[in-house]
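Engineer: Sharing a model prediction with you, sequence too.
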Amino acid sequence: MTHKKSIKTLAVGIILAALGIGMLIYAFRTVTGQVGYGYYGNNFTVIDKKALDKMYIVPKKGVKIDKIHNSVEFYGKNVSIPIVASPKNTTDMYSFGVYGLINPTIIVYKGAKVTMHLANEDDDMSHNIAVVNNQPPYPYMSMMYNVRIFENSYIPPLPESKGGKYFQLSNSFTVSQTGTFYFICQIMGHAYRGMYGKFVVIDNPIQVK
Ligand SMILES: [Cu+2]
């Protein structure tokens, strides 16, 4: 090997090593939430296929499913909404599933404490969820300006599933005002491709009467 060649090899080696280290640091920072869409948190719940499948089962009480209007109404002051990102019953990976409905209108009552449970069924993409005031259509970089409408109406991105294990996170918030809002995925390009649904807050029909 000539002197010139070995310098070249060394230079290429250093560049590759620097790139590798840079990528590792970036990946670490992404996982720890220092870059990207907010904190990742360190406390994902990891669920198996059986637990994931349970999220599709409609409970006997507290929920009204309307398949014609593609909506799910949650009764009561304390509601629990299981949401699957990229659910198995659609080929459109840019979608949310609630009890098997795809991007349904979610209806809750004003004043309710809502707990969203998001699980990611996608094996090659991260997804998150936020309830926002912005209306579609969403630009490609929608995460740049979408602000959550209620405090904590947000779940940070969940990693893709691996080997039959699925990541899940929950967050609770109080719906303090009526109106039509949207739940969207804030990952770049996802809401733009249709990963969103309506989130409607109505007056409690029982209390209003
Ligand atoms: Cu997404």
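Structural biologist: In hand now; what should we look at? Residues are numbered from 1 along each chain as shown.
Engineer: after the one helix or strand Asn171 maps to, next one along is what?
Structural biologist: Under the criterion of DSSP states H and E, Asn171 resides in strand 165-174. Sequence-wise, the next helix or strand beyond strand 165-174 is strand 179-184, with elements assigned using DSSP H and E.
Engineer: Strand 179-184 and the helix or strand following that next one, what's the angle between them?
Structural biologist: Remark: after strand 179-184, the chain's next helix or strand is strand 196-202, criterion DSSP H and E. Put simply, strand 196-202 runs at 150 degrees to strand 179-184, going by axes from the mean of the first three to the mean of the last three CA atoms, to 10 degrees.
Engineer: check which helix or strand covers Ile107.
Structural biologist: Secondary structure assigned from DSSP H and E places Ile107 in strand 105-109.
Engineer: Check which helices and strands that strand sits against.
Structural biologist: Identification of packing neighbours for strand 105-109 by 3 or more CB pairs under 8 Å, 6 or more residues apart in numbering; DSSP states H and E yields strand 71-74, strand 196-202. In short, each C-beta sits where N, CA and C put it, glycine included.
Engineer: I'd like the average pLDDT over that strand.
Structural biologist: Strand 105-109 shows a mean pLDDT of 97.
Engineer: Show me where the chain dips below the pLDDT cut-off.
Structural biologist: Applying pLDDT under 70 to the chain picks out residues 1-2, 25-42, 144-145, 207-209.
Engineer: which ones are touching the most centrally placed residue in it?
Structural biologist: Most central in the chain under CA atoms, centre = their mean is Asn128, positioned 2.2 Å from the mean C-alpha point. Contacts here follow CB atoms under 8 Å, 6 or more residues apart in numbering; on that basis Asn128 touches Tyr37, Gly38, Leu118, Tyr154, Ile155, Pro156, Pro157, Leu158, Cys185, Gln186, Ile187.
Engineer: near the ion, which of the residues you listed show up?
Structural biologist: Cys185, Ile187 (CB under 5 Å from the ion).
Engineer: Most neighbours of all the contacts of Asn128, which one?
Structural biologist: Cys185 (30 neighbours; other CB atoms under 10 Å).
Engineer: Outline the domain layout of the chain.
Structural biologist: Per the record, the chain has its domains at 1-32, 42-208, by automatic domain parsing.
Engineer: looking at those domains, which is buried most?
Structural biologist: Per-stretch averages of neighbours, counted by mean count of other CB atoms under 10 Å, single out domain 42-208 among the domains of the chain, with a mean of 18.
Engineer: what residues does this protein put near the ion?
Structural biologist: In this structure, the chain approaches the ion at residues His127, Cys185, Ile187, His190, Met195, judged by CB under 5 Å from the ion.
Engineer: Tell me the one of those nearest Ser71?
Structural biologist: The closest of those to Ser71 turns out to be Met195 (CB to CB; 17.7 Å).
Engineer: May I have the residues that are in contact with the closest one?
Structural biologist: Under the criterion of CB under 8 Å, 6+ apart, the contact list for Met195 reads Tyr94, Ser95, Phe96, Asn103, His127, Ile184, Cys185, Ile187.
Engineer: List the contacts of the strand holding Ile107.
Structural biologist: Contacts of strand 105-109 from elsewhere in the structure, counted by CB under 8 Å, 6+ apart, are 69-77, 79, 81, 98, 114, 175, 183, 197-205.
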